[in-house]
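# Quick check, what structure comes out for this input:
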Amino acid sequence: MEYLIQIYTGDPAGWEDLPEDERAAISREYMQINEHPGVRGGAQLAPAESATTVRVHNGGTLTTDGPFAETKEALGGYWVLEADDLDGAIEFAARIPAARLGGAVEVRPLVSP
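As a prediction, the model looks like this:
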């Protein structure tokens, strides 16, 4: 089964407060996770402030700079993961640094056509 693994980051200023060697070690962890055999793709996202929210109302397209809502955690990246079951996907998600560094990781099954 395929799962969308959504990585929500905590306070981005916290990253800047970490020593350079610790940031490098965390970056290496993310790169190692990319090599997991079940990873089907994914990417890091630009900061939430760079987002554009799109709505269609009465036939007109409305755009707003930034994310839809203010939140403590922002979607920072994702992976699509092939796993045998939810337990395997949760085990994968628990290895993601954001899960222990003030963020969260959401595991959601993808719906097959």
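# Now do the SS call for His36.
coil (DSSP: H, G, I helix; E, B strand; the rest coil).
# which residues touch the closest residue to it other than its chain neighbours?
Spatial nearest neighbour of His36, chain neighbours left out: Phe92 (6.5 Å); criterion: Cβ to Cβ, 6 or more residues apart in numbering. Glycine gets a C-beta too; all of them are placed from N, C-alpha and C. By Cβ atoms under 8 Å, 6 or more residues apart in numbering, the contact set of Phe92 is Ile5, Ile33, His36, Gly38, Leu81, Ala83.
# how does it look with 7 Å?
Residues near Phe92 by Cβ atoms under 7 Å, 6 or more residues apart in numbering: Ile5, His36, Gly38, Leu81, Ala83.
# Backbone dihedrals for it, both of them.
Here is the backbone geometry of Phe92 (degrees, to the nearest 10): phi -60, psi -50.
# Can you tell me how far it is from Met1?
12 Å (Cβ to Cβ, to the nearest Å).
# Between these two, which contacts overlap?
Joint contacts of Phe92 and Met1 (Cβ under 7 Å, 6+ apart) are Ala83.
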